[in-house]
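Participant: quick check, what structure comes out for this input:
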Amino acid sequence: MTELAEKLARVRRWLDATGFGAALFTSQPGVAWVTGGLEDRVVRNEEPGLAWALVTASGAHLITTSIEAARLLAEADLDGLTLHAVAWHDPGGLAGAVERLAQDEGGLTGAGPKLATDGAGPGTAVPGELAALRLPLVAAEHERLAALGADTAEVLQDALRDWIPTERECDLAARIAAALEERLVFPSVLLVGGARRRRAFRHPVPTAAVTGPDVLAVVTGVRGGLTVSCSRSAAYADAGFPGEWREHVQGGPVGYPAEQLRQAAVIAVTNTPDWPATADGRPDILRV
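Facilitator: Residues are numbered from 1 along each chain as shown. Model prediction:
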């Protein structure tokens, strides 16, 4: 069974159990999950995305604008998905196309209770329930996540091997970002803190400050919709930091945006955990 087929089967079991007739995914993580890795990178981290996915009992549809359709047809794996292009100037937009498809497939009313949505578009908003469907990860996701974690860790390690104490935080951040993009990894989080700022702030966004004698770099990389977080430091200290757990969020499930999964109140034992350790002045650890 393909990754897409596994995802569709999971969604359809949820439809049967809840009484909904269709599920609409409009968020970038949601669309990437249900399609098995299709990404919308035109406007990163802005919701809703420019491609939506509608799953019914008998169909799987990808709805996008006429601007994006040609590229998706040429470059994306759409096997198992029916692509629908909406004129970019259509006043109904993607929501209007969803309404029409919902009517065509079993007479669902787009604004009624038979259509579930993860937030945007027509239907009943149940973002937590739809986010919970992402767990546990399927076998193909575990493989993709492992490769993403290895690439992300390699980037940080290589960047810090070339780091010198006179380098500015923003210059180190630029090198990290470039190396990630070369691997088709989007850094949704990129933090760099030199000797002073890493001790002063839990989330040291890069500045023009010179790093000094030690440095901490933290990234969250996104590829194929999956996310992994990793941190590396050029300085080391003994482990053991009593009470540090009170100073920073202690993580949770990783693979898709953790905040949405926390809202779903579901952590499957087969999912990969995330521990964002940020002990004051000490290095973080790889968390994949």
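
Participant: residue contacts, residue 114?
Facilitator: When contacts are counted by C-beta atoms under 8 Å, 6 or more residues apart in numbering, residue 114 touches 19, 20, 21, 22, 102, 108. Just so you know, the C-beta spots here come from the backbone N, C-alpha and C atoms, and that holds for glycine as well.

Participant: from those residues, which shows the smallest pLDDT?
Facilitator: Lowest pLDDT among these: residue 108, with 63.

Participant: how long is stretch 33-53 end to end?
Facilitator: 10 Å (C-alpha to C-alpha, to the nearest Å).

Participant: quick one: mean pLDDT for it?
Facilitator: Average pLDDT, stretch 33-53: 91.

Participant: may I see the buried residues of it?
Facilitator: 33-40, 48-53 (16 or more other C-beta atoms under 10 Å).

Participant: from these, pick the one nearest residue 192.
Facilitator: Nearest to residue 192 among these, counting by C-beta to C-beta, is residue 39 at 25.2 Å.

Participant: tell me which helix or strand the closest residue to that closest one other than its chain neighbours sits in.
Facilitator: Excluding the flanking residues, the one nearest residue 39 by C-beta to C-beta, 6 or more residues apart in numbering is residue 32, at 5.6 Å. For residue 32, the enclosing helix or strand under DSSP states H and E is helix 28-35.

Participant: host element of the closest residue to residue 214 other than its chain neighbours?
Facilitator: With C-beta to C-beta, 6+ apart as the criterion, residue 214 has its nearest non-adjacent residue at 3.2 Å, and that residue is residue 235. Assigned by DSSP H and E, residue 235 belongs to neither a helix nor a strand.

Participant: tell me the spacing between residue 235 and residue 173.
Facilitator: Residue 235 sits 18 Å away from residue 173, going by C-beta to C-beta, to the nearest Å.

Participant: which of these two has more neighbours?
Facilitator: For residue 235 and residue 173, the more surrounded residue by other C-beta atoms under 10 Å is residue 173, and the numbers stand at 20 against 14.

Participant: ok, back up a step: and the contacts of residue 114, which two are furthest apart?
Facilitator: 19 and 102 (15.0 Å).

Participant: neighbour count: these two, which is higher?
Facilitator: A direct count of neighbours by other C-beta under 10 Å for residue 19 and residue 102 places residue 102 higher, at 25 against 9.

Participant: my read is that the more buried one contacts residue 55, right?
Facilitator: No: assessed by C-beta atoms under 8 Å, residue 102 is found out of contact with residue 55, at 11.3 Å.

Participant: joint contacts of these two?
Facilitator: Residues touching both residue 102 and residue 55 (C-beta under 8 Å, 6+ apart) are residue 22.

Participant: if we can go back for a sec, against which helices or strands is the helix holding residue 32 packed?
Facilitator: Counting contacts by 3 or more C-beta pairs under 8 Å, 6 or more residues apart in numbering; DSSP states H and E, helix 28-35 packs against helix 3-18, strand 22-25, strand 51-56, helix 127-132.

Participant: distance to residue 185 added to those, as CSV?
Facilitator: CSV is the format used below for the helices and strands packed on helix 28-35 (distance: least, C-beta to C-beta, whole Å):
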stretch, distance to residue 185
helix 3-18, 19
strand 22-25, 22
strand 51-56, 20
helix 127-132, 22
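
Participant: pick the most deeply packed of the ones you listed.
Facilitator: strand 22-25 (a mean of 29; mean count of other C-beta atoms under 10 Å).

Participant: neighbouring strands - and their directions - for that strand?
Facilitator: Applying DSSP bridges to the sheet, strand 22-25 is found paired with strand 51-56 (antiparallel), strand 115-117 (parallel).

Participant: pairing partners for the helix or strand just after the longest one, with directions?
Facilitator: Scanning forward in sequence from strand 51-56, with DSSP H and E defining helices and strands, the next element found is strand 60-65. Strand 60-65 pairs in its sheet with strand 51-56 (antiparallel), strand 82-86 (parallel), by DSSP bridges.

Participant: what's in contact with the following helix or strand past strand 60-65?
Facilitator: For strand 60-65, the succeeding helix or strand toward the C-terminus, using DSSP H and E, is helix 66-75. Contact with helix 66-75 is made by 38, 40, 42, 50-51, 62, 64, 78, 83, 85-88, as judged by C-beta under 8 Å, 6+ apart.
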